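Asks: requesting a structural model of the entry that follows:
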Amino acid sequence: MDTDPIKFGTDGWRATLEEFTVPRVRAVGQAVATYLRDNGDERPIAVGYDAREHSSEFAEELADVLCANGCDVVLPERDRPTPVFAYGIVDRNLAGALVITASHNPPEYNGVKFIPSDGAPALPSVTDAIADRLAEPQSVPRDERGTIRTDDFVSSHAEHVLELTNSDLTETSLTVAYDAMHGSGRDTTDALLERTGVSVDRLRCESDPTFGGAAPEPAPENLETLIDHVQSHEADLGIANDGDADRIAIVTPKRGHLDENLFFAALYDYLLEQKSGPVVRTVSTTQLLDRIADAHGETAYEVPVGFKWVAQGMADHEALVGGEESGGFTIDGHVREKDGVLMALVAAAMHAEESLDNRVDRLLATHGTIVQDKRSVACPDEQKEAVLSTLEDEIPDTIAGSTIEDVNTADGFKLTREDGSWLLIRPSGTEPVLRVYAEAEDTPLVQTLLDAGEELVQDVRN
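Replies: Here you go, the predicted model:
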């Protein structure tokens, strides 16, 4: 069996169904079983899955391989959000979880990720060790096989996040429109919102393995119905989850889709009203967080893209909150894995206290306007390293007419100008593209920086 296509990227292995085959999925199951055995971990392991076609069948294959290796396996009763499994690991003292999910990728994709026993994303030392153990499935004697049982992962997660957020919104008369995008958040995020006392309007909360024929990516162009619903005043706030509900998108009456950077800034500001602590953000996430942290005598810590680095940063710095511009967040007191279900409750509580539009307006008036955007430039995976290596020798002294003051190579190349605006070029860990990000005080300058970044990449590739 050819295991070469199995590459663990930013958040597990994802591929089209042409490559994501039963034999390769079983090889991943064997690798995890061997990894756990080599580390002397005999605790049960969870196997979860998302709402994609064939995800439950792939999960059953994983469970079979693990069981054949002597592992006890716990399956959910149906597809459920990835974060409920992350919390379930810690709550149940499990060895970890394997989750069949391709998150926000189109329906022709699927994927698998391993979450270790601390409930945080696996670091490269773990995924490399698993990749080194990819092999044909083995089997112990029949009397040594593990067991497979089905259990509820949602209830304990729900009780925990309700207690953590202390969200009682029964007196607010708040109406939230929730868009599940046909993903695993349906009957979980919306049900939890209702338990806080808000009224919930449900959009795309029916099961559809094809996600309506589109990617379950909560980007503005995919949220038009939700945006219309909120801006026509049928709801006070809009909330969407991606396919496996580990990420969140927010819609407000004034702004429509609320840029995730601005939501992150509002989130940190809200949490600082309750207790102190630093923030951890990725290199691609807004430096508005740094301004807010500085104003409160706190620190913003910058890490590479990938929630595993956010999680590690939160542990290293005992952070109050960690997140990324793509809509993944978690907070102190919860597992260090992004959780779009938890954040839905937090967002509703924030909006009930002070409208998100007002909070964002106040933050921008206080700390200065910041705009961010990004683009993708096609680049085959096998060319990324060469392009970035060449780019290292081609870094200009100026970008868009301004001198570069700092070059950060923690994740690609982040070029910060004298005025604080910046350009970032980095490889995607899940798609054959290079990402080009820019942040500045206004949209025209952001587009100018993106043009310069895209031209720089194209010059290097040519």
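
Asks: so where's this structure shaky on pLDDT?
Replies: 1, 10, 462 (pLDDT under 70).

Asks: how is it carved up into domains?
Replies: Per automatic domain parsing, the domain ranges recorded for the chain read 13-152, 157-367, 371-461.

Asks: kindly reformat those as JSON lines containing distance to Thr3 and mean neighbour count.
Replies: No exception for glycine: its C-beta is placed from N, CA and C like everyone else's. Converted to JSON lines, the domains of the chain look like this (distance: least, Cβ to Cβ, whole Å; neighbours: other Cβ atoms under 10 Å):
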{"stretch": "domain 13-152", "distance to Thr3": "4", "mean neighbour count": "20"}
{"stretch": "domain 157-367", "distance to Thr3": "22", "mean neighbour count": "21"}
{"stretch": "domain 371-461", "distance to Thr3": "16", "mean neighbour count": "17"}
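
Asks: out of these, which gets nearest to Ile6?
Replies: Smallest distance to Ile6 across the domains of the chain (Cβ to Cβ): 5.4 Å, for domain 13-152.

Asks: how about the helices in the stretch 1-150 of the chain?
Replies: With DSSP state H, counting those that start in this stretch as the criterion, the stretch 1-150 of the chain has helices at 22-38, 55-68, 82-92, 124-131.

Asks: could I get those as JSON lines with distance to Gly306?
Replies: Formatted as JSON lines, the helices of the stretch 1-150 of the chain follow (distance: least, Cβ to Cβ, whole Å):
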{"stretch": "helix 22-38", "distance to Gly306": "19"}
{"stretch": "helix 55-68", "distance to Gly306": "23"}
{"stretch": "helix 82-92", "distance to Gly306": "15"}
{"stretch": "helix 124-131", "distance to Gly306": "9"}
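
Asks: among these, which is nearest Thr172?
Replies: Thr172 lies closest to helix 82-92 among these, at 24.8 Å (Cβ to Cβ).

Asks: put the alpha carbons of the closest one into CSV.
Replies: C-alpha atoms of helix 82-92 as CSV (Å, rounded to 0.1, in the frame of the first residue of the first chain):
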residue,chain,number,x,y,z
THR,A,82,-14.6,18.3,16.6
PRO,A,83,-14.3,20.4,19.8
VAL,A,84,-16.7,18.1,21.7
PHE,A,85,-14.2,15.3,21.2
ALA,A,86,-11.3,17.4,22.2
TYR,A,87,-13.1,18.2,25.5
GLY,A,88,-14.2,14.6,25.9
ILE,A,89,-10.6,13.4,25.9
VAL,A,90,-9.8,15.4,29.0
ASP,A,91,-13.2,14.9,30.6
ARG,A,92,-13.0,11.1,30.2
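
Asks: picking that back up, adding distance to Asp4, write the domains of the chain out as JSON lines.
Replies: Output for the domains of the chain, formatted as JSON lines (distance: least, Cβ to Cβ, whole Å):
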{"stretch": "domain 13-152", "distance to Asp4": "10"}
{"stretch": "domain 157-367", "distance to Asp4": "22"}
{"stretch": "domain 371-461", "distance to Asp4": "12"}
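
Asks: quick one on the thing from earlier: ok, which of the helices of the stretch 1-150 of the chain comes nearest Ser389?
Replies: Distance to Ser389, taken as Cβ to Cβ, is lowest for helix 124-131 among the helices of the stretch 1-150 of the chain, at 19.6 Å.

Asks: and that closest one with helix 22-38, angle?
Replies: Counting by axes from the mean of the first three to the mean of the last three Cα atoms, to 10 degrees, helix 124-131 lies at 120 degrees to helix 22-38.

Asks: spit out the contact partners of the residue nearest the centre of the chain.
Replies: Per Cα atoms, centre = their mean, the C-alpha nearest to the average position across the chain is that of Gly328, at 4.0 Å. Shown in contact with Gly328 (Cβ atoms under 8 Å, 6 or more residues apart in numbering): Asp246, Arg247, Phe307, Val310, Lys338, Gly340.

Asks: give me the contact list for the helix or strand containing Gly313.
Replies: Per DSSP states H and E: Gly313 is located in helix 307-317. For helix 307-317, the external contacting residues (Cβ under 8 Å, 6+ apart) are 10-11, 120-124, 278, 280-282, 299, 301, 303, 319, 322-324, 328, 330, 332, 336-338.

Asks: give me the distance between Glu159 and Asn93.
Replies: According to Cβ to Cβ, to the nearest Å, Glu159 stands 17 Å off from Asn93.

Asks: coming back round to it: what's the most distant pair in the contacts of Gly328?
Replies: Across those, no pair lies farther apart than Val310 and Gly340, at 14.4 Å, counting by Cβ to Cβ.

Asks: show me the beta-bridge partners of the residue nearest to the centre of the chain.
Replies: Assessed by DSSP bridges, Gly328 has beta-bridge partners Glu324.

Asks: list just the one of the helices of the stretch 1-150 of the chain that sits closest to Thr286.
Replies: Closest to Thr286 of the helices of the stretch 1-150 of the chain is helix 82-92 (Cβ to Cβ; 23.2 Å).

Asks: leaving out the residues flanking it, which one is nearest to Gln30?
Replies: Distances taken as Cβ to Cβ, 6 or more residues apart in numbering place Pro137 nearest to Gln30, at 4.7 Å, with adjacent residues excluded.

Asks: show me the contacts for that neighbour.
Replies: By Cβ under 8 Å, 6+ apart, the neighbours of Pro137 are Arg26, Ala27, Gly29, Gln30, Val65, Ala68, Asn69.

Asks: would you list the residues you listed in TSV and tack on distance to Ala265?
Replies: Shown next, in TSV, are the contacts of Pro137 (distance: Cβ to Cβ, whole Å):
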residue	distance to Ala265
Arg26	44
Ala27	43
Gly29	41
Gln30	44
Val65	44
Ala68	49
Asn69	46
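
Asks: out of these, flag the one nearest to Val230.
Replies: Minimum distance to Val230 across those is 42.4 Å, recorded for Gly29 (Cβ to Cβ).

Asks: from what I see, the closest one and Glu61 are in contact.
Replies: Yes. Judged on Cβ atoms under 8 Å, Gly29 makes contact with Glu61 at a distance of 6.9 Å.

Asks: quick check: the gap between the nearest residue to Leu123 once chain neighbours are set aside and Met314.
Replies: Distances taken as Cβ to Cβ, 6+ apart place Lys308 nearest to Leu123, at 5.5 Å, with adjacent residues excluded. Lys308 sits 11 Å away from Met314, going by Cβ to Cβ.

Asks: could you pull up phi and psi at the residue nearest to Gln30?
Replies: Reported as degrees, to the nearest 10, the phi and psi values for Pro137 are phi -60, psi 140.

Asks: distance between stretch 83-93 and the chain's centre?
Replies: Offset of stretch 83-93 from its chain centre (Cα atoms, centre = their mean, to the nearest Å): 17 Å.

Asks: do stretch 137-154 as well
Replies: When distances are taken as Cα atoms, centre = their mean, stretch 137-154 is centred 29 Å away from the chain's centroid.

Asks: and if you look at stretch 80-88?
Replies: The chain centroid and the centroid of stretch 80-88 are separated by 13 Å, computed with Cα atoms, centre = their mean.
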